[in-house]
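A.B. asks: Fold the stuff below for me.
(one chain, ligands or ions: 1)
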Amino acid sequence: MTAPNFILTFSCQDQVGIVATVTGKLAELEGFILDSQQYADLDQGRFFMRIVFQKGGDAFPEDTAALRAAMAPIAKQFDFRWSLTDSEDKPRIVIAVSQGTHCLNALLHRWKSGFLPIEPVAVISNHETCRSLTEWHGVPFHYLPVTNENRAEQEAAILDLMEGSNAEYLVLARYMQILSDDFSTKLSGRCINIHHSFLPGFKGAKPYHQAHERGVKLIGATAHFVTPDLDEGPIIEQQVERVDHRATADFMARIGRDIEAQTLARAIHWVAERRVILNGKRTVVFR
Ligand SMILES: Nc1nc2c(c(=O)[nH]1)N[C@@H](CN(C=O)c1ccc(C(=O)N[C@@H](CCC(=O)O)C(=O)O)cc1)CN2
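C.D. replies: Numbering: from 1, shown residues only. Purely as a prediction, here's the structure:
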């Protein structure tokens, strides 16, 4: 049986000696480093790092909890924002969708085929459209209709489902409802949306119509963390495709579906491999 890999990611105020201290501790624990990436944001004065390591000797802690306990004094010393996970522990995810199937299908197909290291614990929707696709993949489907009158209750039901299934992330896979400020704030850093434009261009529900009206030559998609400010959250991944004067809004939407699906799946893959760290209104992505 191959030794498990562990992933340590952290950010902190930058100073001399962070890498030496962290890797010195791993050496003391006989940790064997397999991959290491770091970045210093000089403007913000913050340091970011991701280290993948495994057992390299008998001094290595017996499990993830013991590893976390061993690293905790250093995390306290530098006031880390950090996570330390076993690479086999796939993040538990609730997926939200409205009527478009393409992004949901991309996530569930990649997961079922073993290409996306996630644990989709439930799909929620304000329409019945995606029930059969979801249940075909063996994932529970929850129909949660929403109106302006019941939005608070519906969002509370989503939160209860996340807590009840110990879900780490809510992924909006073309969920066409604006989350309330309270809900999106509660899920800060844990809710990811796919927007069907190359942000910051063309925010809102109908970006392809806006793009056609503007006569753009590139269309795209953007996966980002959700904040109360619509389509303003920290960007995780983007992709673009060329179009020309013949492209109608419907044509743009048609080729856009593939871009959206691939962009969201790629972003969720990065997140699942603990490669994404929030950096204020931006992200650091160790690819
Ligand atoms: N708090 C946030 N909620 C959501 C965000 C976000 O960034 N912050 N992103 C959206 C997704 N989205 C674009 O990517 C989007 C979805 C819906 C709308 C919109 O205007 N919806 C209308 C209803 C439309 C309908 O019923 O079909 C509305 O809510 O009144 C704009 C952008 C997901 N939520």
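
A.B. asks: Any stretches of the protein with poor pLDDT?
C.D. replies: In the prediction, the chain carries no residues with pLDDT under 70.

A.B. asks: do that again at 80, thanks
C.D. replies: 1 (pLDDT under 80).

A.B. asks: need the strands for it, in chain order.
C.D. replies: With strands called from DSSP state E, the chain shows them at 5-13, 31-41, 46-55, 81-86, 92-97, 119-125, 141-143, 169-172, 191-195, 218-225, 235-242, 276-279, 282-285.

A.B. asks: Would you mind putting those into CSV with distance to the ligand alongside?
C.D. replies: Using the backbone N, CA and C atoms, a C-beta is placed for each residue, glycine as well. Listed next are the strands of the chain as CSV, based on distance: least, CB to the nearest ligand atom, whole Å:
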stretch, distance to the ligand
strand 5-13, 23
strand 31-41, 24
strand 46-55, 24
strand 81-86, 22
strand 92-97, 8
strand 119-125, 12
strand 141-143, 15
strand 169-172, 5
strand 191-195, 3
strand 218-225, 7
strand 235-242, 11
strand 276-279, 15
strand 282-285, 15
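
A.B. asks: any chance of those strands in CSV, plus mean neighbour count?
C.D. replies: Shown next, in CSV, are these (neighbours: other CB atoms under 10 Å):
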stretch, mean neighbour count
strand 5-13, 20
strand 31-41, 15
strand 46-55, 20
strand 81-86, 16
strand 92-97, 24
strand 119-125, 22
strand 141-143, 15
strand 169-172, 24
strand 191-195, 26
strand 218-225, 24
strand 235-242, 18
strand 276-279, 21
strand 282-285, 18
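
A.B. asks: Now tabulate those in a markdown table and tack on distance to Ala106.
C.D. replies: Listed next are the strands of the chain as a markdown table, based on distance: least, CB to CB, whole Å:
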| stretch | distance to Ala106 |
| --- | --- |
| strand 5-13 | 24 |
| strand 31-41 | 26 |
| strand 46-55 | 25 |
| strand 81-86 | 24 |
| strand 92-97 | 11 |
| strand 119-125 | 12 |
| strand 141-143 | 17 |
| strand 169-172 | 11 |
| strand 191-195 | 10 |
| strand 218-225 | 11 |
| strand 235-242 | 13 |
| strand 276-279 | 18 |
| strand 282-285 | 19 |
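
A.B. asks: can you count the residues close to the closest residue to the ligand within the stretch 1-150 of the chain?
C.D. replies: Proximity of the stretch 1-150 of the chain to the ligand (CB to the nearest ligand atom) peaks at Ser98, 6.5 Å away. Ser98 has 17 neighbouring residues, counting by other CB atoms under 10 Å.

A.B. asks: Get me the contact residues on the stretch 151-287 of the chain for the ligand.
C.D. replies: 172, 175-179, 184, 193, 195, 204-205, 226, 228, 230-231, 233 (CB under 6 Å from any ligand atom).

A.B. asks: Buried only: go through those for me.
C.D. replies: Leu172, Tyr175, Leu179, Ser184, Asn193, His195, Val226, Asp231, Gly233 (16 or more other CB atoms under 10 Å).

A.B. asks: Show me which of these is closest to Arg92.
C.D. replies: Each of those was scored against Arg92 by CB to CB, and Leu172 proved nearest at 16.2 Å.

A.B. asks: ok, residues contacting stretch 131-145?
C.D. replies: Defining contact as CB atoms under 8 Å, 6 or more residues apart in numbering, one finds that stretch 131-145 is touched by 101, 104-105, 108-109, 111-112, 120-128, 130, 154, 157-158, 161.

A.B. asks: hmm, 10 Å instead?
C.D. replies: Defining contact as CB atoms under 10 Å, 6 or more residues apart in numbering, one finds that stretch 131-145 is touched by 94-97, 101, 104-105, 107-109, 111-112, 119-130, 150, 153-155, 157-158, 161, 165.

A.B. asks: check contacts around the residue of the stretch 1-150 of the chain closest to the ligand.
C.D. replies: Ser98 neighbours (CB under 10 Å, 6+ apart): 104, 125-127, 129-130, 146, 172-177.
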